[in-house]
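1. Dropping a prediction and its sequence here:
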Amino acid sequence: MLAPPIEQQAGQIVALAAAGRVIVMTPAFNEDEEIALLKAGVKGCCRRGIDAESLEQVLSVTYGGGVWVTRSLLPRLVTELRRYAEAQHPAPAKTMASDKLSALTPREKEIVRLIVGGASNKQVASALDISERTVKGHLSNVFQKLGVSDRLRLVLYVTDGRPATGAAVARK
């Protein structure tokens, strides 16, 4: 008879140790197994044979209410959390964003396009033959109209969080 999957075993152990914190130590496991273990309620995942100092850290973190995972899992966890958050709280409809963008003047749209392309205020001013002070004034208006507070949030707003493609202005 085959043993049940490790995440099922972990879930049973977690249920039995209701007030305790379960840490799974194994010679090796992949990211999918580690995520399954965390979903089952395990508070820590680490490789068997870790040194005493590292084990002390694992115990300290989990005893303090934290969760211990392998470092290699962190990028995937962040991605999973982002997906979960988006599913729970969907971003405002794209039409709302495009409505706000349509409220920008043609000059403001040009400036936004250059900023998204990676241009500095000086480069925008040079490309549009206006002063840096004028660029800053337009950006203040753009920030207010779009409800953003800085250049980074502007770029994220306009690109919907995707990396901008290609620079609009060559860097000097």
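-> Good, I have the coordinates.
2. What ranges does this protein have for its strands?
-> Along the chain, the segments classed as strands by DSSP state E run 23-26, 44-47.
3. Name every strand pairing with the first one and say which way it goes.
-> Under the criterion DSSP bridges, strand 23-26 sits next to strand 44-47 (parallel) in its sheet.
4. burial count for R107?
-> Using other CB atoms under 10 Å, R107 has 15 neighbouring residues. For the C-beta atoms, the positions are set from N, CA and C on the backbone; glycine is no exception.
5. quick one: contacts for it?
-> For R107, the set of contacting residues under the criterion of CB atoms under 8 Å, 6 or more residues apart in numbering consists of 128, 138.
6. And L139, by the same measure?
-> With contacts defined as CB under 8 Å, 6+ apart, L139 is in contact with 111, 115, 121, 151, 154.
7. State the pLDDT value of it.
-> Here the pLDDT value assigned to L139 is 94.
8. With G41 as the reference, measure out to it.
-> As for L139, its distance to G41 is 48 Å (criterion: CB to CB, to the nearest Å).
9. of the strands of the chain, which approaches L74 most closely?
-> Comparison of these against L74 by CB to CB identifies strand 44-47 as nearest, at 12.0 Å.
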